[in-house]
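Student: compute the structure for the input listed below.
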Amino acid sequence: CFCRSLVCSLLFACTPPELSEKNAAAGINLDLQNPLVRKLYDFRDERKVDSLLNYLDDADPTLRYLAALSFASIPDSGAISQVAGLLGDEVEDVRIAAAFALGQIGKAACEKPLIDAFMADDPMSEHQRFNAIVLEAVGKCGSLASLRNIATVTTYKPADTLLLEGQCRAVYRYGLRDSILPVATQLMISYVANERIPVPARLMAAHYLARSKNVRPDSAQAKEIAAGFVRARNSPEVRMALATALGKSQTEPAFAMLSKVIASEQDWRVKCNIINALSIFEYDTVRALVTPFITHKNQHISLAAAEFFIRNGQVKDGDYYWRITRDHPDMPMATQIALFRASNKLLSVRNQPESKFYVIDRIKALYQQAGNPYDRAACLNALAEFGWNYRWIHDKGYTDPHPAVKTAATEALKSIAELSNFYSIFGENARTVRRDLYYYFREAIAGGDVGMIVASSEGLQAEALNYKSYRDTARIGILKESLAKLKLPRDVEAYMALDKTLAFFEERPAPLKPVIPNNHPIDWEEMKKFSARSTVTIATGKGPIVLELYPLWAPGSVANLLRLANSGFFNGKNFHRVVSNHVIQGGCPRGDGYGALDYSIRTEIGLVWLDGAGYLGMAS
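Tutor: This is a model prediction of the structure:
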């Protein structure tokens, strides 16, 4: 799939959430033509903390609002006390900005002022929005005692939409910090099972159950989650998360629900999550449930089913997976490669040599046939499941014309170097293979390709191979020469990876991230060309994608996007990474995610929650 072009237009779109008439009534006016407003955005962009602090007590609520909100993007713990002072501001939107920023700073010192600011005495429900922000902020920084208090509130009613969502966001944020209490988990389970709870709150409760590492629902809880799945018939996003949550419960009710709905579920996103959720259950039963979806017409479902067997396949079926491709020669290339990979991983040269080498030959043939570089990259990863393919991976991958394939080849070699059973696989030849991989990694680093440098740098740190024994002044000098040739900020990822490897060889502490001087200021002249409601259209081979812009939250990113689009930078760029139900990435000048320009942009965080489908961000 290719991004053909980006076209800027002046179509009207919705304004960002949270920018309502209430802001204007409070005297908050985020007018991008106002020099003072621009100055505050510039201070944030330049990370001028002292300058922002000076505006926290400004008479103009707009400037107080912007100054406070800036610390959501600059999590400076030195600003906590002054930002906390705005929790009592006369303008609620300023209070909200301060609470949100304290949550983003996320230090324990933020907890008490946030709790003190919560407006429990709100009989007319006038401050629910503020209280909801406070609850989530506490979830980002608070103690287990506060989690218990939040999870045992009994006064919130189904009509209290904002408070319920804030409560669920708080518990969810605790979960992401691995702060778990049974009472909080049970509350989230009761919410997902209750149709009267607003969908936004149920969605956050479902994500808590899905994403909190230490939450493992028992049999009774799995029944409640299953009931919530059924009751979320009009909310596929909730079902997606609940399917994942059921996949964390190795209980009969969880399996009963997943095995029942895998065939009937109509939303491909949910079906993919159901397939993945079945990994925890007994293989022989699950195999029969998942296999039919390998030939599904939806490529996401087909690939999810094939990749299931890469992760969960068993040796006894090693000769089975590749045979599915023989019976269905028209299935998508990505699915075929995944099935061959599963077989290559599990087939034994000793016990099934004919099938093993047939599979390897087929993967090599697919590589030669593939016109798509991402299919070739997938073939190299499939070949790496049998470490003895390392020379072929090097010879073909390192000479491929596409950067994504070169990077994949190096990553494949790194995965071989990191094998825990490296010496048992290669036996008496292990020393030779170890040496070959070392020279392949060094070749990649000396070549200057940034994607290859990242993977090779990590490969040189493979614990079992002890490449420190290879170190000498000349060899370390080669790495230092390559490091000196990298340009910042363009090559920052490669620089950090290689610098870390040098520290590894020299037995010194891991280096800090290099300080990038401020560069590429917000282009206000570019912003003048467009209104606050301008949109951008991405023209793709599958149809147009229309983007709403958020210039009031992220003027630097918006200006950068517009400038690049108007220059034709995005024309012909690939969507180089697609992970179902997670992310689509594109716009990389190399096509592998390691490409960059000779400048950087800063993180810009506003009062908008990126918890739905279709949000676009730019790497900072």
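Student: from Asn351, how far out is the closest residue to Ala382 other than its chain neighbours?
Tutor: Leaving out its chain neighbours, the residue that sits closest to Ala382 by CB to CB, 6 or more residues apart in numbering is Arg341, at 3.6 Å. Yep, even glycine has a C-beta here, placed from its N, CA and C like the rest. Separation of Arg341 from Asn351 (CB to CB, to the nearest Å) stands at 19 Å.
Student: where do the strands of this structure begin and end?
Tutor: For the chain, strands defined by DSSP state E occupy the ranges 2-9, 535-540, 543-548, 573-579, 583-586.
Student: those: which one's closest to Ala382?
Tutor: Nearest of the strands of the chain to Ala382, taken as CB to CB: strand 573-579 at 17.4 Å.
Student: give me the helices and strands touching that closest one, please.
Tutor: Applying 3 or more CB pairs under 8 Å, 6 or more residues apart in numbering; DSSP states H and E, one finds that strand 573-579 contacts strand 2-9, strand 583-586.
Student: weakest of the ones you listed by average pLDDT?
Tutor: Lowest mean pLDDT within those: strand 2-9, a mean of 40.
Student: show me where pLDDT drops low in this protein?
Tutor: 1-26 (pLDDT under 70).
Student: rewinding a little: tell me which of Arg341 and Asn351 has more neighbours.
Tutor: Arg341 (27 against 11; other CB atoms under 10 Å).
Student: show me what contacts Leu347?
Tutor: Taking CB atoms under 8 Å, 6 or more residues apart in numbering, we find Leu347 in contact with 318-319, 355-356, 359.
Student: quick one, phi/psi of it?
Tutor: phi -70, psi 150 (degrees, to the nearest 10).
Student: separation between it and Ile337?
Tutor: For Leu347, the distance to Ile337 (CB to CB) stands at 15 Å.
Student: what's around Pro517, how many residues?
Tutor: By the criterion of other CB under 10 Å, Pro517 has 7 neighbours.
Student: closest one to Tyr374 among the strands of the chain?
Tutor: Tyr374 lies closest to strand 573-579 among the strands of the chain, at 7.0 Å (CB to CB).
Student: show me what counts as buried in the closest one.
Tutor: For strand 573-579, burial by neighbour count (16 or more other CB atoms under 10 Å) applies to 573-578.
Student: list the contacts of that strand.
Tutor: 1-3, 374, 404, 540, 583-589, 591-593.
Student: which one of those is nearest to Ser235?
Tutor: Within the contacts of strand 573-579, the smallest distance to Ser235 is 21.4 Å, found for Val583 (CB to CB).
Student: spatially nearest residue to that closest one, not counting backbone neighbours?
Tutor: Val583 sits nearest to Arg577 (CB to CB, 6+ apart), 6.9 Å away.
Student: hang on, the earlier thing: wait, doesn't the residue nearest to Ala382 sit right on Ile310?
Tutor: Yes - counting by CB atoms under 8 Å, Arg341 touches Ile310, with 5.5 Å between them.
Student: mind listing what Asp523 touches?
Tutor: 559-560, 563.
Student: so how far is Asp45 from it?
Tutor: With CB to CB as the criterion, Asp523 and Asp45 are 11 Å apart.
Student: so which bits of stretch 412-422 are buried?
Tutor: 412-417, 419, 422.
Student: return the alpha-carbon coordinates of that stretch using CSV.
Tutor: Extracted in CSV, the C-alpha atoms of stretch 412-422 (Å, rounded to 0.1, in the frame of the first residue of the first chain):
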residue,chain,number,x,y,z
ALA,A,412,17.5,-11.4,11.1
LEU,A,413,21.2,-12.0,11.7
LYS,A,414,20.9,-10.3,15.1
SER,A,415,18.1,-12.7,16.0
ILE,A,416,20.4,-15.6,15.2
ALA,A,417,23.2,-14.1,17.3
GLU,A,418,20.8,-13.8,20.3
LEU,A,419,19.6,-17.4,20.2
SER,A,420,19.8,-18.9,23.7
ASN,A,421,20.8,-22.2,22.2
PHE,A,422,23.3,-20.8,19.7
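Student: which residues are contacting it?
Tutor: Identification of contacts with stretch 412-422 by CB under 8 Å, 6+ apart yields 380-381, 383-384, 387, 390, 393-394, 397, 425, 430, 433-434, 437, 440-441, 455-456, 458-459, 462-465.
Student: may I see the ChimeraX selection of the buried members of these?
Tutor: Of those, the buried ones go into a single ChimeraX selection, burial set by 16+ other CB under 10 Å:
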select :380,381,383,384,387,390,393,394,397,430,433,434,437,440,441,455,456,458,459,462,465
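Student: filter the contacts of stretch 412-422 down to the ones in helices?
Tutor: Under the assignment DSSP state H, the contacts of stretch 412-422 contribute 380-381, 383, 390, 393-394, 397, 425, 430, 433-434, 437, 440-441, 455-456, 458-459 to helices.
Student: isn't Leu242 right next to Val230, touching?
Tutor: No - Leu242 is beyond contact range of Val230, at 9.6 Å (criterion: CB under 8 Å).
Student: neighbour count for the two, which is higher?
Tutor: When neighbours are counted by other CB under 10 Å, Leu242 and Val230 differ, and Leu242 comes out ahead with 33 against 14.
Student: find the nearest non-adjacent residue to the more buried one, please.
Tutor: Phe229 (4.6 Å).
Student: quick one, which of the contacts of strand 573-579 are buried?
Tutor: By 16+ other CB under 10 Å, the contacts of strand 573-579 give 3, 374, 404, 586-588, 591-593 as buried.
Student: Lys140: which of the residues you listed is nearest?
Tutor: Using CB to CB, the buried ones among the contacts of strand 573-579 come closest to Lys140 at Gly593, 28.2 Å.
Student: residues in contact with that closest one?
Tutor: Per CB under 8 Å, 6+ apart, neighbours of Gly593: 451, 576-577, 585.
Student: want to throw the strands of the chain into TSV with distance to Asp57?
Tutor: Below are the strands of the chain laid out as TSV (distance: least, CB to CB, whole Å):
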stretch	distance to Asp57
strand 2-9	39
strand 535-540	37
strand 543-548	34
strand 573-579	45
strand 583-586	41
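Student: of all the ones you listed, which one is nearest Phe130?
Tutor: Smallest distance to Phe130 across the strands of the chain (CB to CB): 25.8 Å, for strand 543-548.
Student: how near is the residue nearest to Leu242 to Tyr172?
Tutor: Phe229 is 18 Å from Tyr172, where distance means CB to CB.
Student: what about those two, which has more around it?
Tutor: Phe229 (28 against 24).
Student: right, and the more buried one touches Leu246 too?
Tutor: Yes - proximity of Phe229 to Leu246 meets the contact threshold set by CB under 8 Å, at 7.2 Å.
Student: any common contacting residues for the two?
Tutor: In contact with both Phe229 and Leu246: Met257, using CB under 8 Å, 6+ apart.
Student: quick one: which of the contacts of Leu347 is the most crowded by neighbours?
Tutor: For the contacts of Leu347, the largest number of neighbours (other CB under 10 Å) sits with Val359, at 29 neighbours.
Student: ok, that one - contacts?
Tutor: Shown in contact with Val359 (CB under 8 Å, 6+ apart): 322, 340, 343-344, 347.
Student: just the ones of the residues you listed in helices?
Tutor: Residues from those lying in helices, with DSSP H as the criterion: 322, 340, 343-344.
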